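Participant: the following comprises the amino acid sequence and a computationally predicted model.
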Amino acid sequence: MEEDKFGYHWEEEVREAVLKFERMKRNNEKYFFDVIEFESIIDYYIDNNNAGKAYEAAALASQQHPNSVSIQLRKARVLLDKGRAVETLKILKRLENIEPGNHEIYIAKGTALGILGDVQGAKKMFDFALNLDSEEIENILFSIVTVLQNLNYYEQLIPYMLRLIELEPDFKAHLYDLAYAYEKVENYEYSIVYYLKYLEEEPFSDSAWYNLGIIYNKTEREEKALEAYDFALAINAQNSFALFNKGNILSNLGRYKEAIEVYHEYLENEPDSFEAMTYLGECYEKAKDYVLARKYYQDAIELAPEFADPWFGLGIIEMNSGNVSDSLIFFRKAVKLDDENPEYWYLLGKSHYIQGELKTAMSCFREALKIDIYCDEVWSVLGGIILKENLASKAIPYLEHAYQITGNIPGINYLLASFYLHGKNTEKVSRHLVLALEAGRDLFSEYSDLFPEKLKTKPIKKLLSNYGLI
């Protein structure tokens, strides 16, 4: 009862101090506040994310109580919230001389150095703070990890969080924060370990299941990702992010019927999602239901005419339907809206080639490879066209020059090996094929059509056999 009564009166005192301060500002008057009142006022504004008034209160408090360490520390905190680290360091330097044993000074100093990008300096201050007060280790560690989280210094955060977990094993939220930190530094295996530990204690955390699903997907464990998203949705059916990601995984796995159901469910909750409409259209397109694919692509365009993907999707439908001249219209629109997507340039070039426009097609392929020189689909199709058009001998000098500039790009070496094979230059075939296989043995299937069986010599067959390709 005493605690409740004390808390009630404390809240009343805070309210009265804040009202008094605001009355003073409103009437443009000057009132005196004692240190405790100013502490309450500044803390109130900080807790309510009112940085402007917190700074006003801290500035006035510093004038009335220039020698109060607690006031100066609060002023430093307000300045840090405003990103004014250099000013903060000047204040803290003075405070160090007054209270050299106050760990809050060094946490604030570490925060300021962190804002300025001096991570090692920040760590030094945090470690110093930890050595100052053995009675406050947990609170100091918590302050440190909070600062590092806010500054996105997750790699530096992890050792402090591990230590905090040892000291506070019953505080399960630490496990979640540590799992998230490992996720941010892309240490996915440890992230999974700590999310699972957290979920053992808090199995109904849909956000933890959702994050776990993301990591499983990043590490190509799609079935586990789907399972994690299903848990998240069972706990919270309104978790639209989990639903959307589930649809994406099903689509990427080629399970289009299931993906379609999920995207429809998602659109019931998010009817204006043009991205979901586009992906739904793509699923129908992959399932060869071009009527519904067109419908959802067009619906997406109505909502977001500057979004390139549905235009591109309509181009694919027209190409697959044999309407190549119509596909060019949509592919050109997609490229106009997003000229940094190599796939758009590639299929635009392919459409031009089908139309017999070789020069324009080659130009489009070059644009695709400028954006992504490792785009093996483009290199493979380009190689096939060059051979079909009997342009291999003319292409070799350009590709050799490109090889000298770019280095060992698998696509360039596969094409050079193929062209030399067709020209019966055995020595150069072996040289470039070895370079290609060393850089991308698993990519050979993309280029196998460029190496007809009838042209393969015994040395070439032996080379391919050594790499386990025949």
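Facilitator: Perfect, thanks for sending it. Keep in mind the model is a prediction, meaning the values are calculated, not measured.
Participant: surely Ala57 touches Ile41?
Facilitator: Yes. Proximity of Ala57 to Ile41 meets the contact threshold set by Cβ atoms under 8 Å, at 4.7 Å. For every residue, glycine as well, the C-beta is placed using N, CA and C.
Participant: now the common contact residues for these two.
Facilitator: Counting by Cβ atoms under 8 Å, 6 or more residues apart in numbering, the contacts common to Ala57 and Ile41 are Phe21.
Participant: more crowded one of the two?
Facilitator: A count of neighbours by other Cβ atoms under 10 Å puts Ala57 above the other of Ala57 and Ile41, at 31 against 26.
Participant: and the more buried one, which helix or strand is it part of?
Facilitator: helix 51-64 (DSSP states H and E).
Participant: tell me how far the closest residue to Leu92 other than its chain neighbours lies from Ala173.
Facilitator: Nearest residue to Leu92, sequence neighbours excluded (Cβ to Cβ, 6 or more residues apart in numbering): Lys109, at 4.8 Å. Look at Lys109 and Ala173: by Cβ to Cβ, to the nearest Å, they are 27 Å apart.
Participant: more neighbours, the two?
Facilitator: Neighbour totals were compared for Lys109 and Ala173, and Lys109 leads with 26 against 12 (other Cβ under 10 Å).
Participant: make sure that one is actually in contact with Lys124.
Facilitator: No. Contact status for Lys109 versus Lys124: not in contact, 9.5 Å apart, counting by Cβ under 8 Å.
Participant: any idea how far Tyr190 is from Glu13?
Facilitator: From Tyr190 to Glu13 the distance is 46 Å (Cβ to Cβ).
Participant: do Asp376 as well
Facilitator: 71 Å.
Participant: show me the contacts for Lys461.
Facilitator: Contacts of Lys461 by Cβ under 8 Å, 6+ apart are Ile470.
Participant: any buried residues in the helix or strand hosting it, and which?
Facilitator: Applying DSSP H and E as the criterion places Lys461 in helix 458-466. For helix 458-466, burial by neighbour count (16 or more other Cβ atoms under 10 Å) applies to Ile460, Leu463, Leu464.
Participant: which one is Gly83 nearest to, not counting chain neighbours?
Facilitator: Ile115 (6.3 Å).
Participant: from what I can see that neighbour touches Leu80, true?
Facilitator: Yes. Ile115 is within contact range of Leu80, at 6.8 Å (criterion: Cβ under 8 Å).
Participant: for Tyr467, grab phi and psi.
Facilitator: Taking degrees, to the nearest 10, you get phi -90, psi 10 for the backbone angles of Tyr467.
Participant: touching, it and Glu438? I think so.
Facilitator: No. Using Cβ under 8 Å, Tyr467 is not in contact with Glu438; the gap is 9.0 Å.
Participant: now do the helices in the stretch 351-470 of the chain.
Facilitator: 358-371, 376-388, 392-406, 410-422, 426-440, 444-447, 458-466 (DSSP state H, counting those that start in this stretch).
Participant: mean pLDDT and distance to His264 added to these, as TSV?
Facilitator: What follows is the helices of the stretch 351-470 of the chain, written out as TSV (pLDDT from 0 to 100; distance: least, Cβ to Cβ, whole Å):
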stretch	mean pLDDT	distance to His264
helix 358-371	95	33
helix 376-388	94	31
helix 392-406	90	45
helix 410-422	93	39
helix 426-440	90	39
helix 444-447	92	35
helix 458-466	89	47
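Participant: tell me which of these sits most buried.
Facilitator: Of all those, helix 410-422 carries the top mean neighbour count, a mean of 25, counting by mean count of other Cβ atoms under 10 Å.
Participant: output the helix or strand containing Glu302 in CSV with nothing but the alpha carbons.
Facilitator: If you go by DSSP H and E, Glu302 is part of helix 290-303. Taking C-alpha atoms only, helix 290-303 is exported to CSV below (Å, rounded to 0.1, in the frame of the first residue of the first chain):
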residue,chain,number,x,y,z
TYR,A,290,-3.7,-16.4,-68.9
VAL,A,291,-7.2,-15.0,-68.5
LEU,A,292,-6.8,-14.5,-64.8
ALA,A,293,-3.2,-13.6,-65.1
ARG,A,294,-4.1,-10.7,-67.4
LYS,A,295,-6.9,-9.7,-65.0
TYR,A,296,-4.6,-9.4,-61.9
TYR,A,297,-1.7,-7.8,-63.9
GLN,A,298,-4.2,-5.2,-65.2
ASP,A,299,-5.7,-4.7,-61.7
ALA,A,300,-2.2,-4.0,-60.4
ILE,A,301,-1.5,-1.5,-63.2
GLU,A,302,-4.7,0.4,-62.4
LEU,A,303,-3.5,0.8,-58.8
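Participant: buried set for that helix?
Facilitator: Buried, per 16+ other Cβ under 10 Å, within helix 290-303: Tyr290, Ala293, Arg294, Tyr296, Tyr297, Asp299, Ala300, Ile301, Leu303.
Participant: what's the burial count for Glu29?
Facilitator: If you count neighbours by other Cβ under 10 Å, Glu29 ends up with 8.
Participant: swap in Lys224?
Facilitator: Neighbours of Lys224 using other Cβ under 10 Å come to 16.
Participant: check which helix or strand covers it.
Facilitator: helix 222-235.
Participant: residue ranges with poor pLDDT in the stretch 201-350 of the chain?
Facilitator: Within the stretch 201-350 of the chain, no stretch falls below the threshold (pLDDT under 70).
Participant: which parts of it are helices?
Facilitator: In the stretch 201-350 of the chain, the helices defined using DSSP H, counting those that start in this stretch lie at 206-218, 222-235, 240-252, 256-269, 274-286, 290-303, 308-320, 324-337, 342-354.
Participant: return the first one as CSV; C-alpha atoms alone will do.
Facilitator: Listed in CSV are the C-alpha atoms of helix 206-218, where the atom choice follows Å, rounded to 0.1, in the frame of the first residue of the first chain:
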residue,chain,number,x,y,z
ASP,A,206,4.0,-14.7,-33.6
SER,A,207,6.8,-12.2,-34.2
ALA,A,208,9.5,-14.7,-33.2
TRP,A,209,7.9,-17.4,-35.5
TYR,A,210,7.8,-14.8,-38.3
ASN,A,211,11.4,-13.8,-37.9
LEU,A,212,12.4,-17.5,-37.7
GLY,A,213,10.5,-18.0,-41.0
ILE,A,214,12.5,-15.3,-42.6
ILE,A,215,15.8,-16.8,-41.5
TYR,A,216,14.8,-20.3,-42.7
ASN,A,217,13.9,-18.8,-46.0
LYS,A,218,17.2,-17.0,-46.3
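Participant: what's the angle between it and helix 222-235?
Facilitator: 160 degrees (axes from the mean of the first three to the mean of the last three Cα atoms, to 10 degrees).
Participant: and the residue at minimal distance from the centre of the chain, how far from Asn48?
Facilitator: The residue lying closest to the centre of the chain (Cα atoms, centre = their mean) is Lys184, at 8.9 Å. Separation of Lys184 from Asn48 (Cβ to Cβ): 28 Å.
Participant: burial measure for the closest residue to Glu222 other than its chain neighbours, as a count.
Facilitator: Excluding the flanking residues, the one nearest Glu222 by Cβ to Cβ, 6+ apart is Ile249, at 5.3 Å. Neighbourhood size, Ile249 [other Cβ under 10 Å]: 20.
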